[in-house]
Structures are given as C-alpha cells and as structure tokens.
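# Return a 3D structure for these sequence lines:
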Amino acid sequence: MRGGDFNELAAFLCVAEERSFRRAAERLGMSPSALSHTIRALEQRLGARLLNRTTRSVAPTEAGQVLFDRLRPAIEEIGAAVRDVGACQAQPRGLVRVNLPRVAARLLVTPMLPAFRAAYPDVRLDLVIDDSITDIVGAGFDAGIRSGGLVQQDMIAVRLTPELRMAVVGSPAYFAGRPPPEHPQDLRDHPCLTYRWDDTGVLQRWEFQGPAGAIFVAVESVITANETDFLLDAARQGAGLAYIEENSAKPSIEDGELVQVLGDWCRPFSGFHLYYINRPHMPAALRAFVDAIKSSVSTNGHRRPAGPGSGRGMA
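Coordinates of the predicted model:
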C-alpha cells in the first residue's frame, strides 16, 4: 500500500465517523475542500461511491459502510501499534538482547541486575553467554560485550574495565613435586590444561610478553575443554597448569587454592567494552541498559566475578 492510499482511507474513515466534512477536516488538520478532493480521488480509484452527500448530512453508501466496517478495526490496530512504538521510546520497555562471555556476565552484569530491575521493571534482558566472536547485528542482538580488541570498527564502543591480564596457575599440591616455571619456555616441561574455542575448534594460544617482544609457547596440552570453570577445577585438583583470565582465577589465588606463576611475563590486553550499532534512534530500553551498566561500573569499579570461576574462555 502506498502512503497516499493509507491517507485516503484514513480520511474516509474520519468523514464516515464524523458524518461531516467540516468536522472531519478540523480533526485531520486540513481544509474541507482538500478533504473533499481526497475522498473523490479514493472513490475514483475504487470505482465506487462511498459517501452520500447532501447540504445537511454525509452518510456512507452501502459500499462505503462495508469498507468502513472492515477498515475501522484495521486502522485502529495500526494506530495502536504506532502509539506502542512511541511509548517504548518514551518509557523503557521491551526486550534487550546482549551477547557476552561468561566472565563479563559475572564481572559486569550480575552486580547491576538488582538496581536495573528495580528501575526498569518493563525491560526484559536476554543474555546469551557466548565466547565466539558473534556478529551481533546478523544474529539479532542489540548489544555485545567483548575485549576491545575484538570490537568491529563501525560499532559504538564503551569501555567498561581497565586492561585485563591472563594468568598461569596451578595448585600448591602440583608445585609440591615440581619447580615452578621461571620462563614461559619452561612450560614445555609441564602438563597444561588448555581452552578450546567452540566455533573454530582451535586451542587457545599461550602468549606472553618478554623484553624482546611477544612469546608464544606450544604447551603440552594434557586436557582440553571449552569451559574455564572445568579447567580451574582441574588446576585446583593438581591436574596441571591452566592459562586463565586473571580475574577468574583471583578468588582461588587469594584463598590459597591456586598459585600464580609467570606474572611478570603475562601481558595486559584491552579490557571489556560494551558495543552496539550506531543508529539515529536508540530504543529506550537499550539506552537504559547502556546507562545502567556504565553507572554500575563507575560506582563499583572493576569488580571480580562472584564465584570460583568465570565459566568459559575470554573473548
């Protein structure tokens, strides 16, 4: 349907309801002569007379009454849909879909949830935990959280955390029978627990920073998994050394369940960023989520995860 077709039908509906060209013209904000011209154009296009006109009254013809009865609920439904969109923009409501890794969910989103739910009870969050590098637009997400180095250039990105670091950890029992590595290359003599990416099946690289630049170590991987929680548990049980984002391992390090080694060799990398597509009219629900997580990070700082591990790998 063309825009002009809709305008003609809306004009007819208004005249049929008011039974007066003058009152309908006032309601539509147009002159009676322009309204009369619009109705004649509609009748000519449909090939049927829709209104009987006299000097004192206006009433639908039989064909006009049939059109009116079919048209009125449809136009009212369209009007309600338009009003609902406007209400969503004025008052945050509806669904916000966010793609993020598990460590970001625990580190950044979980702490803000009670205040967010209290402030925006009509906003529903769909948090999809995903360590793959997902195209959030193609997959139908409103926003994503990733390390800044993985955010596409055409996105609006909001920094949420300072730089992050990886950590090499093992249990005290493991190190009771072995000397700790003093150089990244010493890891070749240790059984290692390695993360495998879901989407590619590739093992995570163990990367370090030395005086001469980056160092990549091909470790002996005795256990691979796509769950960081599992790798942390295995490290705590003494099965080998794990290469984990530092915040994920910090509670176990502070509790004495894990020992961190090679700390001076672990290079920092870009912290978490919230990102979303640049659009002229951001939905009010998404704006509420963006503002809430920024406020939470500003108030609480860089918080560690609430629990012994962060779930899956870093992304």
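# Domains in this protein, by residue range?
Per automatic domain parsing, the structural domains of the chain span 3-90, 94-163+270-300, 164-269.
# How far does the last one stretch from one end to the other?
Think domain 164-269. The first and final residues of domain 164-269 sit 5 Å from each other (Cα to Cα, to the nearest Å).
# Distance from that domain to the middle of the chain?
Shown here is domain 164-269, whose average C-alpha point lies 30 Å from the average C-alpha point of the whole chain (Cα atoms, centre = their mean, to the nearest Å).
# sorry, back to before: can you list the domains of the chain in CSV and add mean neighbour count?
In short, each C-beta sits where N, CA and C put it, glycine included. Formatted as CSV, the domains of the chain follow (neighbours: other Cβ atoms under 10 Å):
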stretch, mean neighbour count
domain 3-90, 14
domain 94-163+270-300, 17
domain 164-269, 17
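# Where among the ones you listed is average confidence lowest?
Per-segment confidence across the domains of the chain bottoms out at domain 3-90, which has a mean of 82 in mean pLDDT.
# so where do the strands sit in the stretch 51-200 of the chain?
Counting by DSSP state E, counting those that start in this stretch, the stretch 51-200 of the chain forms strands over residues 51-53, 58-60, 94-100, 123-129, 143-147, 155-159, 164-170, 191-195, given from the N-terminal end onward.
# in its sheet, what does the helix or strand encompassing residue 223 sit against?
The secondary structure element spanning residue 223 is strand 220-225 (assigned by DSSP states H and E). As defined by DSSP bridges, the strand partners of strand 220-225 come to strand 191-195 (parallel).
# C-terminal to the partner strand, what's the next element?
strand 206-210.
# name the helices or strands packed onto the following helix or strand past that next one?
Proceeding N to C from strand 206-210, the next assigned helix or strand is strand 213-217, under DSSP H and E. Applying 3 or more Cβ pairs under 8 Å, 6 or more residues apart in numbering; DSSP states H and E, one finds that strand 213-217 contacts strand 206-210.
# ok, now which ones touch the nearest residue to residue 158 once chain neighbours are set aside?
Leaving aside its chain neighbours, residue 158 sits nearest to residue 274 (4.6 Å; criterion: Cβ to Cβ, 6 or more residues apart in numbering). With contact taken as Cβ atoms under 8 Å, 6 or more residues apart in numbering, residue 274 is in contact with 143, 144, 145, 157, 158, 160, 290, 293, 294.
# Good, wrapping up.
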